[in-house]
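**Student:** sequence plus predicted model, see below.
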Amino acid sequence: QQPVQSPQAVILREGEDAVINCSSSKALYSVHWYRQKHGEAPVFLMILLKGGEQKGHDKISASFNEKKQQSSLYLTASQLSYSGTYFCGTQGTSGSRLTFGEGTQLTVNP
Amino acid sequence: EAGVTQFPSHSVIEKGQTVTLRCDPISGHDNLYWYRRVMGKEIKFLLHFVKESKQDESGMPNNRFLAERTGGTYSTLKVQPAELEDSGVYFCASSLIYEQYFGPGTRLTVT
């Protein structure tokens, strides 16, 4: 079953923060986050493997609540380069297919 | 290290014709996945190879789609005959264990 992402779209000014949520109705093994710019390959951001795990690099971080079957992606002090469509992909078991949400379109304006 | 490459980047064919897409995964990655994104919707799984074996092909839409992975290296996805609803962007991804790295995709337009 497809995970649900929210919001569908968000517009920010440079330097503002954003949170993108991903919820699943099924038990999850992992959550993967990607960013895709128009016409380019989805770029891997991070993977969260364990319930309650949090990860981050630079100003982008994420959390995974296994019990609630939810993950959130946090973008702080957004930069123009953060613009794009963010997808969460979920896995039920290790190495299996990714099931993607419909994406969240993030636009960062100067 | 080279990333996942796909060829061609674009293909425009007429309904009823055949098209073959190619994916070269990252060297050493046993896992290879095909996905498709249609009309700006979500990215949907097509199938998964482990080396040369099909691990999961439950996402293949119908028998007009045929995927192969020769010798566990590159993979091809053939659509024969193509229909209008096959239009979209076909992505290939590869992984060693956990992270899946995507190629730039092939944009297929069936007219």
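**Tutor:** Everything's here; your move. Numbering: from 1, shown residues only, chains lettered A, B, ... in the order given.

**Student:** show me the residue sitting in the middle of chain B in space.
**Tutor:** Compute the mean C-alpha point of chain B, and by CA atoms, centre = their mean the closest residue is B:Trp34, 3.8 Å away.

**Student:** please give the element, helix or strand, for the residue nearest to B:Pro25 when sequence neighbours are not counted.
**Tutor:** Closest residue to B:Pro25 apart from its sequence neighbours, by CB to CB, 6 or more residues apart in numbering or on different chains: B:Ser94 at 3.3 Å. Just so you know, the C-beta spots here come from the backbone N, C-alpha and C atoms, and that holds for glycine as well. Using DSSP states H and E, B:Ser94 sits in strand B:88-95.

**Student:** pull up the pairing partners for that strand, direction included.
**Tutor:** strand B:31-37 (antiparallel), strand B:101-102 (antiparallel), strand B:106-110 (antiparallel) (DSSP bridges).

**Student:** tell me the secondary structure at the closest residue to B:Ile97 other than its chain neighbours.
**Tutor:** Nearest residue to B:Ile97, sequence neighbours excluded (CB to CB, 6+ apart): A:Gly95, at 7.3 Å. Secondary structure, DSSP: H, G, I helix; E, B strand; the rest coil: A:Gly95 is coil.

**Student:** return the set of buried residues in stretch A:33-43.
**Tutor:** A:33-36, A:41-42 (16 or more other CB atoms under 10 Å in any protein chain shown).

**Student:** ditto for stretch A:97-110
**Tutor:** By neighbour count with 16+ other CB under 10 Å, stretch A:97-110 contains the buried residues A:97-106, A:108.

**Student:** could you find the closest non-adjacent residue to residue 57?
**Tutor:** Just going to use chain A. Per CB to CB, 6+ apart, closest to A:His57 is A:Met46, 7.3 Å.

**Student:** please refer instead to chain B.
**Tutor:** That would be B:Leu47: by CB to CB, 6+ apart, it lies 4.1 Å from B:Glu57.

**Student:** where's the strand holding B:Ser94 relative to the chain centroid, distance-wise?
**Tutor:** 5 Å (CA atoms, centre = their mean, to the nearest Å).

**Student:** picking up where we left off before, narrow the buried residues of stretch A:33-43 to those in strands?
**Tutor:** For the buried residues of stretch A:33-43, the ones inside strands are A:33-36, with DSSP state E as the criterion.

**Student:** which ones among the residues you listed come in contact with chain B?
**Tutor:** A:Tyr34 (CB under 8 Å from any CB of the partner chain).

**Student:** please state the offset of the lowest-mean-pLDDT helix or strand in chain A from the chain centre?
**Tutor:** Here the helix or strand of chain A ranked lowest by mean pLDDT, DSSP states H and E is strand A:54-57, holding a mean of 72. The chain centroid and the centroid of strand A:54-57 are separated by 12 Å under CA atoms, centre = their mean.

**Student:** contacts for that strand?
**Tutor:** A:46-48, A:61-64, A:74 (CB atoms under 8 Å, 6 or more residues apart in numbering or on different chains).

**Student:** right, I'll leave it there.
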